[in-house]
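J.: Sequence and predicted structure are below.
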Amino acid sequence: MGESFDYLIVGAGSAGCVLANRLSADPTVRVCLIEAGGSDASPRVQIPAGTITLYKSRVFSWNYFSAPQPHLAGRSLHTPRGKALGGSSAMNSMIYIRGDASDYDRWAAAGCPGWGWQDVLAYFKRSEGNRLGQSLLYHGTQGELLVDKPRDPNPLSNLYIRAAEHLGLKRNDDFNGGTLEGVGLYNLTQKNGKRLSSYRAFVHPLRRDNLSVLSGCEVERLLLDGERVSGVELRQNGQWRTLQCSRETILCAGALGSPHILLKSGIGPRAELEAAGVACKVDLPGVGKNLQEHIDGLVTVRSKSPLSLGFSLGALPKILASPLQYLARKTGWLTTNYVEAGGFARTSLAEALPDVQMHFVPGYRSHRGRLFEWGHGYAIHTCVLRPKSIGEVRLGTGRSLEIDFNFFSDEADARVLVEGVKLARKILAQPEFDAIRGEEMLPGPQVQSDEQLLAHLRDYAATVFHPVGTCKMGTDEAAVVSPQLKVRGLANLRVADASIMPTLISGNTNAPCIMIGEKAADLILARTRPS
């Protein structure tokens, strides 16, 4: 028999840390938060500009690669996920976006009552500590998750906004207010110029004897006793360990981790489990299915302007001064999240809602995929907001995780992304960029027609690191969890993370995952939603 807790929370990411905070607020219950990654106490994590070093880190990223994508020239796509306390909120770009109200109303209409916009807005507001004076109709000011503006935005970020306005896009100073559409500076989850991950916001400040936080513990399987989960079996420093659970176990390991744990535990499609050599305990066909992700196209330009972020002799004084600026005033290069500005727009294929999102980078993004390049420039990432292509995750060799995004399996996504790249080019062609104009490296001046752009995207399109949907919430046969987030066929197991999203929301996924953690806590504690 292992150590026993009332609640086991698997995954100390965006949702798991919120749950750990809310459940452990009752001193009479024992809560254990389990994280496979390690400590987040590194300047690379805490200083915003360090984020660029995390995506390929062996310490802070799982560094998954997808299965070869048949519609993307057979390429395997790099798929980093956070490997530290805070999960992917310890390595993301810190952008606070909720998505469009219609995203959540679509969930409710698809058989998830209680998940419409007016229902979830209250949970967004509960966790938010807005520091921007934005409308209280949409924002909270008392939550642990501080939301602020970029500390010291690069001048090119505002140049991008003016260029987009010149083209006819409207300025939007609050993407989380009444409308999503427009361009502007993104709100960020930072505090005093440092990253504010879900762990740092909701767990790190706590001093509760009834909350145990275990890092470096990879859960291998759930222990089942009939229709109940009795605990988990995990590995810590090469040693096996068992933890018992008297009330509920909640999987918060993300859209890749949560279905993987279910599948390794024998919960999933019977035929696939048996083919992988895993005895089926609960035949649940939807586990691992319904994978959705934003697919991204890049326009990147080389420029000689040292105003942009980059490495050059001209930028050397600014680079050398940046540590002192950061230490003294929390300003300068080290405060950047690299995508300070962006927006949401409608291409010619859109109807009432934006169909693409842009992330503007005031620095040169390598056309060769390198982490750093010598020189300067700027770039726009454009992604398809509501992709129709659906993929899956499944067990691979040795019970490993195999990820298949199935990108561009629906040609509509390819057409939208082509139009999105054309829109990005139009913004960069505006006169606001004349003084710093340079050579377009990707797609490149030789790539002009729709057919050429599509061929280019098959060779270069990438993910935006927003996987969702693999433990779909709903009431149909493909659903893995109910609208109460309970796993079908089991009495005391829930999932609360990005994997429960029936459809991908219109934007970055960190804030919605925190909302899911908030709502999950109320569902577990049988509380009504906040007013």
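T.: All right, it came through fine. Numbers count the residues shown, from 1 in each chain.
J.: Check which helices and strands the helix or strand where residue 161 lies sits against.
T.: Using DSSP states H and E, the element containing residue 161 is helix 155-167. Judged by 3 or more Cβ pairs under 8 Å, 6 or more residues apart in numbering; DSSP states H and E, helix 155-167 is in contact with strand 182-185, strand 341-345, strand 356-361, strand 376-384, helix 411-428. Placement of C-beta: from N, CA and C, glycine included.
J.: For the chain, which helix or strand comes out least confident on mean pLDDT?
T.: Counting by mean pLDDT, DSSP states H and E, the chain has its least confident helix or strand at helix 316-329, which shows a mean of 89.
J.: hmm, back to that, chain center to the helix holding residue 161: distance?
T.: Here the centre of helix 155-167 is set off from its chain's centre by 26 Å, with Cα atoms, centre = their mean, to the nearest Å.
J.: Stretch 501-508 too?
T.: 10 Å.
J.: now swap in stretch 433-448 and tell me
T.: Worked out by Cα atoms, centre = their mean, stretch 433-448 lies 30 Å from the chain centre.
J.: got the angle for the helix holding residue 161 vs strand 356-361?
T.: Helix 155-167 runs at 140 degrees relative to strand 356-361, counting by axes from the mean of the first three to the mean of the last three Cα atoms, to 10 degrees.
J.: which residues touch helix 155-167?
T.: For helix 155-167, contacts defined as Cβ atoms under 8 Å, 6 or more residues apart in numbering pick out 150, 171, 183-185, 305, 307-308, 340-341, 343, 360, 362, 378, 380, 426-428, 430-433, 436.
J.: For it, buried residues please.
T.: Applying a neighbour-count criterion of 16 or more other Cβ atoms under 10 Å, one finds 156, 157, 158, 159, 160, 161, 163, 164, 165, 167 buried in helix 155-167.
J.: Closest to residue 220 out of those residues?
T.: residue 157 (44.4 Å; Cβ to Cβ).
J.: The closest one: what's its closest spatial neighbour, skipping adjacent residues?
T.: Take residue 157 and drop its neighbours on the chain: the residue closest to it by Cβ to Cβ, 6 or more residues apart in numbering is residue 341, 4.0 Å away.
J.: so that neighbour touches residue 187, yeah?
T.: No - the criterion here is Cβ atoms under 8 Å, and residue 341 misses it with residue 187 at 11.4 Å.
J.: So which residues of the stretch 51-200 of the chain form helices?
T.: Using DSSP state H, counting those that start in this stretch, the helices assigned to the stretch 51-200 of the chain run over residues 101-109, 117-127, 155-167, 198-202.
J.: how far does stretch 302-311 sit from the chain's center?
T.: Here stretch 302-311 shows a centroid-to-chain-centroid distance of 28 Å under the convention Cα atoms, centre = their mean.
J.: So which bits of it are buried?
T.: 302, 303, 305, 306, 307, 308, 309, 310.
J.: List the residues that contact the second one.
T.: When you say that, I think you mean residue 303. 364, 376, 377, 378, 436, 437, 438.
J.: Can you check those and name whichever has the most neighbours?
T.: Greatest neighbour count in the contacts of residue 303, by other Cβ atoms under 10 Å, goes to residue 378: 30 neighbours.
J.: ok, now how distant is that residue from residue 341?
T.: Counting by Cβ to Cβ, to the nearest Å, the separation of residue 378 from residue 341 is 11 Å.
J.: again with residue 17
T.: According to Cβ to Cβ, residue 17 stands 28 Å off from residue 341.
J.: Of these two, give the one with the bigger neighbour count.
T.: It is residue 17, of residue 17 and residue 341, that has more neighbours when counted by other Cβ under 10 Å, with 33 against 24.
J.: separation between residue 357 and residue 51?
T.: 18 Å.
J.: er, residue 431 actually
T.: From residue 431 across to residue 51, the span is 32 Å (Cβ to Cβ).
J.: more neighbours, the two?
T.: residue 51 (21 against 10).
J.: Does that one touch residue 91 like I think?
T.: Yes - using Cβ under 8 Å, residue 51 is in contact with residue 91, at 6.3 Å.
J.: The buried residues of stretch 302-311 in strands, which ones?
T.: In strands, defined here by DSSP state E, the members of the buried residues of stretch 302-311 are 302, 303.
J.: May I see the buried residues of stretch 302-311 arranged in JSON lines, with pLDDT and distance to residue 281 as well?
T.: Below are these laid out as JSON lines (pLDDT from 0 to 100; distance: Cβ to Cβ, whole Å):
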{"residue": "302", "pLDDT": "96", "distance to residue 281": "55"}
{"residue": "303", "pLDDT": "95", "distance to residue 281": "57"}
{"residue": "305", "pLDDT": "92", "distance to residue 281": "60"}
{"residue": "306", "pLDDT": "90", "distance to residue 281": "60"}
{"residue": "307", "pLDDT": "91", "distance to residue 281": "59"}
{"residue": "308", "pLDDT": "92", "distance to residue 281": "54"}
{"residue": "309", "pLDDT": "91", "distance to residue 281": "51"}
{"residue": "310", "pLDDT": "89", "distance to residue 281": "54"}
